[in-house]
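Q: build me a model from this:
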Amino acid sequence: MNRYTLPRDMYYGRGAIDALKDLEGKRAIVVVGGGSMKRFGFLDKVVENLKAAKMEVKLFENVESDPSVETVMAGAKAMQKFEPDWIVAMGGGSPIDAAKAMWVFYEYPEVSFEDIIVPFSFPKLRNKAKFVAISSTSGTATEVTAFSVITDYEKGIKYPLADFEITPDIAIVDPDVAETMPPRLTANTGMDALTHAFEAYVATGHSVFTDPLALKAIEMVFEYLPKSYEGCKDSKEQMHYAQCLAGQAFSNALLGIVHSLAHKTGAAFSTGHIVHGYANAMYLPYVIQYNRKDEDTLKRYGEIGKYLGLEGSDLEISNILIDKIHEFNAKFDIKNNLREFGIIEDEFREKLDQIATDAVADACTLSNPRKVDVENMKKILEYIYEGKEINF
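A: Take a look at the predicted model:
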């Protein structure tokens, strides 16, 4: 038996943020990031709408990019003190992911972070609060997913938390909120969405319910991301919907080792953070090369291409898809390999064994279509470092 879970309600289109006026409750806590939502007036709009719903409102602000365990625990303590019956998370993936984890510790203060690292091990939520997610970026789709990514900076590891319990009750997909993204963020989040759709289509959990969503998302990203990057308002709107489709697909089909690698390399090197969407864009061509050695997965890549109108053998189509991803990366100034990105070779070699071990243990590895052990993960990383085509 399989399961397919989405938010109870999804409000979308321009002005969808006004759906907050219809919430019923006494207190709402709003979790936000570093200031863009305040600068552009969206935070004020959220607070106004919640107050119009006759709720007392508290803010938990300044959630950092790639939120830490410490931020999560601080937010949970604020919730325990305020006792909200609605958690409203607004912004990119970071504040929404952080709020999802805060939710767990608000309802279960005795639970430890280590208790929820195991996928699909969360306790039952909604005893104290329900959850609204309002996305301001067009990539993570965390507003519709059962996932949250939290970083343990002491260990230099990003942990993908996974459980259908943290799928939001309400998702608000308002393109007005996403139009403020600058080009670099548009590119990184858009490539994140493309990776979600590609990985969902070939993941072991894919189904007749997720396949159409993944295919449509890929088609839309290929069509609308370049124009969105250049500032086209209509394309930005369509990208906001495309990433949401991709999120609905991967939340139920799961992901693969592009994400495992991005999670475990993002905070690993002294030369600087590798932003999640950027890492996905860099790694996706190599993982397609690795996965297509599996005959059934090669056929799945062929299906993606044929849906897009490409012709040729499945192998030829997979090469065209890889070339298309490289074209996007060149347009968005995304490097092709870790050496070009600036990772120091001695540090890479020193940390290779641990990163490969951690990546194999990542929750996303379980649903990758081709099995991978530590030795193969090390080889994949070495090819990504050098920028060589994977042929094993």
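
Q: so where's the stretch 251-392 of the chain shaky on pLDDT?
A: Applying pLDDT under 70 to the stretch 251-392 of the chain flags no residue at all.

Q: what about the helices in it?
A: Using DSSP state H, counting those that start in this stretch, the helices of the stretch 251-392 of the chain run over 257-265, 276-291, 295-307, 314-331, 338-341, 345-361, 374-386.

Q: ok, and which of those helices has the densest surroundings?
A: helix 257-265 (a mean of 28; mean count of other Cβ atoms under 10 Å). C-beta: built from backbone N, CA, C; applies to glycine.

Q: helices and strands around it, which ones?
A: strand 157-162, helix 183-202, helix 276-291, helix 345-361, helix 374-386 (3 or more Cβ pairs under 8 Å, 6 or more residues apart in numbering; DSSP states H and E).

Q: hang on, Ala98 packs against Pro67?
A: Yes - using Cβ atoms under 8 Å, Ala98 is in contact with Pro67, at 3.8 Å.

Q: give me the pLDDT for the residue most central in space within the chain.
A: Centroid-nearest residue in the chain, with Cα atoms, centre = their mean: Thr140, separated by 3.3 Å. On pLDDT, Thr140 comes in at 93.

Q: can you report phi and psi for it?
A: phi -70, psi -30 (degrees, to the nearest 10).

Q: quick one: residues contacting it.
A: Counting by Cβ atoms under 8 Å, 6 or more residues apart in numbering, Thr140 touches Gly92, Gly93, Ile96, Asp97, Thr189, Asp192, Gln243, Gly247, His276.

Q: what helices or strands is the helix or strand harbouring the third one leaning on?
A: Here Ile96 is covered by helix 93-107, with elements defined by DSSP states H and E. In this structure, helix 93-107 packs against strand 27-31, helix 69-82, strand 86-91, strand 130-135, strand 147-152, with contacts taken as 3+ Cβ pairs under 8 Å, 6+ apart.

Q: out of these, nearest to Met1?
A: Taking Cβ to Cβ, strand 147-152 is the member of these nearest to Met1, at 21.3 Å.

Q: output that closest one as CSV - backbone C-alpha positions only.
A: Presented in CSV, the C-alpha positions along strand 147-152 are these (Å, rounded to 0.1, in the frame of the first residue of the first chain):
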residue,chain,number,x,y,z
PHE,A,147,10.3,17.7,4.0
SER,A,148,12.4,20.1,6.0
VAL,A,149,16.2,20.6,5.8
ILE,A,150,17.9,21.7,9.0
THR,A,151,21.7,22.2,9.3
ASP,A,152,23.9,21.0,12.2
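
Q: re earlier: mind checking how far the helix holding Ile96 is from the chain centre?
A: Its chain's average C-alpha position is 14 Å from that of helix 93-107, according to Cα atoms, centre = their mean, to the nearest Å.

Q: please save the CA atoms from that helix in PDB.
A: Taking Å, rounded to 0.1, in the frame of the first residue of the first chain, the C-alpha atoms of helix 93-107 are listed here in PDB:
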ATOM      1  CA  GLY A  93      12.600  27.400   2.100                       C
ATOM      2  CA  SER A  94      14.600  28.400   5.200                       C
ATOM      3  CA  PRO A  95      11.900  29.900   7.400                       C
ATOM      4  CA  ILE A  96       9.300  27.400   6.300                       C
ATOM      5  CA  ASP A  97      11.600  24.500   6.900                       C
ATOM      6  CA  ALA A  98      12.600  25.900  10.300                       C
ATOM      7  CA  ALA A  99       9.000  26.400  11.300                       C
ATOM      8  CA  LYS A 100       8.100  22.800  10.400                       C
ATOM      9  CA  ALA A 101      10.800  21.600  12.800                       C
ATOM     10  CA  MET A 102       9.800  24.100  15.400                       C
ATOM     11  CA  TRP A 103       6.300  22.700  15.200                       C
ATOM     12  CA  VAL A 104       7.500  19.300  16.300                       C
ATOM     13  CA  PHE A 105       9.300  20.600  19.400                       C
ATOM     14  CA  TYR A 106       6.500  23.000  20.300                       C
ATOM     15  CA  GLU A 107       4.000  20.100  20.500                       C
END
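
Q: any idea of the angle it forms with strand 147-152?
A: Taking axes from the mean of the first three to the mean of the last three Cα atoms, to 10 degrees, one finds helix 93-107 and strand 147-152 inclined to each other by 90 degrees.

Q: what residues of helix 93-107 count as buried?
A: Neighbour-count burial for helix 93-107, counted by 16 or more other Cβ atoms under 10 Å, picks out 93-107.

Q: ok, so of those, who is nearest Lys155?
A: Using Cβ to Cβ, Ala101 comes nearest to Lys155 of the buried residues of helix 93-107, at 16.1 Å.

Q: read off the pLDDT value for the closest residue to the closest one other than its chain neighbours.
A: Closest residue in space to Ala101, ignoring its immediate chain neighbours: Val72 at 4.4 Å, by Cβ to Cβ, 6 or more residues apart in numbering. Per-residue pLDDT puts Val72 at 97.

Q: list the contacts of Val72.
A: Ala98, Ala101, Met102, Phe105, Phe113, Ile150 are the contacts of Val72 under Cβ under 8 Å, 6+ apart.

Q: and if we set it to 7 Å?
A: Ala98, Ala101, Met102, Phe105, Ile150 (Cβ atoms under 7 Å, 6 or more residues apart in numbering).

Q: which one is the third one nearest to, not counting chain neighbours?
A: The spatial neighbour of Met102 that comes closest, neighbours along the chain excluded (Cβ to Cβ, 6+ apart), is Gly75 at 3.8 Å.

Q: I'd like to know how far the one you found sits from Asp294.
A: Taking Cβ to Cβ, to the nearest Å as the measure, Gly75 falls 41 Å from Asp294.
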